[in-house]
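**Student:** okay, sequence plus prediction incoming.
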Amino acid sequence: FGLARALGCIFLNERGQVMERWTELHGLSQFTFPQRARWFEEVLVAVDVQNPLLGATGCTRVYGPQKGLRPEDFEFAERCLGRLAEVVRRELRFDATQEPGAAAAGGLGFGLRSFLGARIEPGFGLFARYDGLTERVQAAQLVVTGEGAIDASTLMGKGVGELALLCRQMNVPCLGLGGGVANPAKANQLFRRTWAQVPDLTTREIALANPVLWLERLATRAAQDWSEAAGCGV
C-alpha cells in the first residue's frame with residue numbers, strides 16, 4: 001500500500017474519499033494508477049521468504065507478531081490485505097497473492113509484483129551467486145551467523161537458515177546467534193548450535209535497552225562454549 005501510494009496510486013473508499021492508512025483498506029473500493037511508461041525495463045526483487053500473502057503462512061500471522069501485531073489483530077489485518085488483493089485482481093487483472101515471496105516485508109513482495117511488474121527471486125540464491133558464497137563456505141572451518149529471532153520463519157527461506165543449510169550440506173559447522181531462539185531443539189537440527197540473549201542471558205526489556213552490550217556478551221558466551229566444546233580454549 002505504501003509502495004503504491006509512493007508511485008502515485010490513489011486509493012478510494014466507496015464514498016470517493018482518499019485512503020492514507022493501511023488500516024482503512026477493508027473499505028477499499030478502487031484505486032487510480034498513474035498513466036506513465038514503465039518505471040524500469042526490469043525489476044528483480046530478492047526475497048528471503050517463500051510465504052504467500054494471505055492465510056496461515058501469510059505475512060499477517062507469520063511476520064505480524066515480529067512487527068508488533070497482536071493475535072487479536074490478525075483477523076482485521078488479514079481482511080485489509082484480502083480486500084487490497086481483491087481490488088488489485090479486479091483492476092489490474094493480476095493475482096500474486098499465492099506466489100512464493102508475496103508476503104516478504106509485510107506484503108511488499110506482493111506490492112512490487114502487482115504495481116511494478118517485478119520478478120521475484122529467492123534472495124539467498126541471488127546473493128550467493130554474486131558473492132561466490134559456496135566457495136567461501138567450502139574454504140571455511142566455522143561459520144557464525146544470526147538474526148533478531150531464530151524462529152519458524154528462519155527455516156522458511158531466510159538467509160540465516162539457508163546459510164545454515166548450505167553449511168550442513170558441506171559439513172561445515174554453523175553457529176547461530178539470536179536475540180531469541182524459539183525452538184532450540186528444532187533449530188539445532190539445522191545449526192550446529194544456537195545461543196539466545198533471551199532468556200539465556202537477560203530479559204527482553206534489558207536487552208532492548210542496551211543491544212550492543214548484550215550482543216557482545218552473547219558472542220562472548222558462544223565463543224567460550226564453542227572453544228570448550230572444540231577443546232581449543234578461549
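**Tutor:** Looks like it came in fine.
**Student:** can you pull out the strands in this structure?
**Tutor:** Per DSSP state E, the chain carries strands over the ranges 10-13, 28-32, 44-47, 119-122, 143-150, 174-181, 193-198.
**Student:** avg pLDDT for the second one?
**Tutor:** It stands for strand 28-32. The predicted model assigns strand 28-32 a mean pLDDT of 95.
**Student:** helices of this protein, start to end?
**Tutor:** 2-6, 59-63, 74-92, 104-116, 123-131, 133-138, 159-169, 184-187, 204-209, 211-230 (DSSP state H).
**Student:** winner for burial among these?
**Tutor:** Stretch with highest mean neighbour count among those: helix 104-116 (a mean of 23; mean count of other C-beta atoms under 10 Å). Quick note: C-beta positions are derived from backbone N, CA and C, even for glycine.
**Student:** what is that one packed up against?
**Tutor:** In this structure, helix 104-116 makes packing contacts with helix 2-6, strand 44-47, helix 59-63, helix 74-92, strand 119-122, judged by 3 or more C-beta pairs under 8 Å, 6 or more residues apart in numbering; DSSP states H and E.
**Student:** how about the second one as PDB, C-alpha atoms only?
**Tutor:** Spelled out, that is strand 44-47. C-alpha atoms of strand 44-47 as PDB (Å, rounded to 0.1, in the frame of the first residue of the first chain):
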ATOM      1  CA  LEU A  44      14.300  -8.000  -9.900                       C
ATOM      2  CA  VAL A  45      13.300  -8.400  -6.300                       C
ATOM      3  CA  ALA A  46      15.400 -10.500  -3.900                       C
ATOM      4  CA  VAL A  47      13.200 -12.000  -1.200                       C
END
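**Student:** what does it contact?
**Tutor:** The contact list for strand 44-47 (C-beta atoms under 8 Å, 6 or more residues apart in numbering) reads 101, 104-105, 109, 112-113, 118-123, 126-127, 157.
**Student:** understood, closing this out.
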